[in-house]
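> Below are the sequence and a predicted model; questions follow.
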Amino acid sequence: MQVTSTPYHTHNTYQKTSKNTQETGFTEASESQTNQIDVPQTGFDLTGKVNLIYLLKPEDISEFKGEMPDLNNFFSGFKNQDDLAQQYHQKGQQQDIERIVFIDGKAVVSEGYDGTVYGHGPVAEIFKEMRNDPQKRQQRIAEQFPDAHIEVYPKGEGPTNAEVFELRYGESYQDYVDEQVQNYSDQYLTNQIAAEENYRRKLMFEQTPQTSVFSVDGQVVASRDDKGFVDVGLPLLDAADARGIEREALKELFRYSPERSPEDYKALLSQVFGDGVELTSYSTADAPKREEVREMAQANASAYQAV
């Protein structure tokens with residue numbers, strides 16, 4: 001095995017075997033960062049399921065009191081294509097690599113001045129296992145790979161990161177940058193469409209008329225739309241806690257059962273809270289919106305606490 005301090009000629013390129021963040025130091029714009037869940041086109045059927053929020057204690061719940069962010073502000077933090085390309089080019093012009101290992105004339109592993117190892121396979125494992133003992137590491141590589149050749153570069157004299165990339169993968173760094181910028185742009189557009197759709201759905205949800213409003217001793221605790229969805233949460237939990245009612249007694253109130261009539265739900269509330277339950281019914285045209293009912297519930301809670 002040879003170890004020299006002469007920079008390797010960067011115009012020699014080799015066939016790429018693999019490319020990932022471990023080896024390049026860059027994040028692939030097209031890679032998914034989370035596991036995907038297959039959702040049926042019609043959504044999940046939650047009929048009969050219980051919202052487990054009824055088990056949460058006050059200390060487990062934090063309420064967001066700010067304003068909904070404007071979508072333009074939401075996406076303002078994303079880089080545009082020119083900025084991202086410039087970032088890649090700046091990174092490519094840096095000289096961060098101290099040594100490169102060649103086997104059979106191919107660059108297989110590189111190591112930065114900061115000790116970061118780029119590459120996979122047995123040589124990379126040796127580098128990682130013996131990063132604190134360069135001499136022993138060199139001996140191990142010589143034993144297992146007699147034809148290995150290591151180039152060592154003093155700071156400021158080695159190849160650029162772009163040149164190292166081309167050595168490792170045998171392809172143009174510019175082509176790689178163009179691919180990543182395009183992937184980023186495509187993913188950004190996909191994310192933007194999804195965020196706008198979710199934002200519209202949230203607005204539509206908040207604007208849904210609540211044809212039934214339920215209260216306990218004058219405190220609004222829940223509401224129901226004409227599709228049978230009952231909006232129930234913190235106000236009801238607060239009312240129950242104030243009366244010393246055990247959480248398990250609230251379970252049925254948090255079950256999604258659209259077949260229940262408003263009278264059915266009032267009966268369930270009465271079983272838990274007694275005679276102080278009231279049901280106010282509205283026509284769809286005159287019904288308050290969900291966000292308005294929530295504001296009513298919050299105002300009631302504040303007044304109750306003040307008393």
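All right, it came through fine.
> make it CA atoms for all contacts and neighbour counts henceforth
Fine.
> Check for me that residue 108 belongs to a strand.
Yes. Assignment of residue 108 by DSSP: H, G, I helix; E, B strand; the rest coil places it within a strand.
> ranges for the helices of the stretch 51-200 of the chain?
Listed in chain order, the helices of the stretch 51-200 of the chain (DSSP state H, counting those that start in this stretch) span 71-74, 81-93, 122-129, 134-144, 161-169, 173-206.
> quick check: angle from the last one to helix 161-169?
Orientation check (axes from the mean of the first three to the mean of the last three C-alpha atoms, to 10 degrees): helix 173-206 against helix 161-169 gives 100 degrees.
> buried residues in helix 173-206?
Residues of helix 173-206 classed as buried by neighbour count (16 or more other C-alpha atoms under 10 Å): 173, 177, 180-185, 187-188, 199, 206.
> mean confidence for it?
Averaged across helix 173-206, pLDDT comes to 88.
> just to revisit the earlier point, could you dump the helices of the stretch 51-200 of the chain to TSV with distance to residue 275?
As requested, the helices of the stretch 51-200 of the chain are arranged in TSV below (distance: least, C-alpha to C-alpha, whole Å):
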stretch	distance to residue 275
helix 71-74	46
helix 81-93	63
helix 122-129	71
helix 134-144	80
helix 161-169	75
helix 173-206	30
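> Out of those, flag the one nearest residue 232.
helix 173-206 (13.4 Å; C-alpha to C-alpha).
> What helices and strands are in contact with the closest one?
helix 81-93, helix 161-169, helix 290-306 (3 or more C-alpha pairs under 8 Å, 6 or more residues apart in numbering; DSSP states H and E).
> Distance from that helix to the middle of the chain?
Its chain's C-alpha centre and that of helix 173-206 lie 13 Å apart, by C-alpha atoms, centre = their mean, to the nearest Å.
> Select from the helices and strands packed on helix 173-206 the stretch with the lowest mean pLDDT.
Mean pLDDT is lowest for helix 290-306 out of those, coming in at a mean of 78.
> For residue 232, see how far away residue 212 is.
12 Å (C-alpha to C-alpha, to the nearest Å).
> shared neighbours of those two, which are they?
Shared contacts of residue 212 and residue 232 (C-alpha atoms under 8 Å, 6 or more residues apart in numbering): residue 223.
> winner for burial among the helices and strands packed on helix 173-206?
helix 161-169 (a mean of 24; mean count of other C-alpha atoms under 10 Å).
> tell me what that one is packed against?
By 3+ C-alpha pairs under 8 Å, 6+ apart, helix 161-169 packs against helix 81-93, strand 106-112, helix 173-206.
> hang on, the earlier thing: can you tell which of the helices of the stretch 51-200 of the chain is closest to residue 291?
Of all these, helix 173-206 sits nearest to residue 291, with 5.1 Å by C-alpha to C-alpha.
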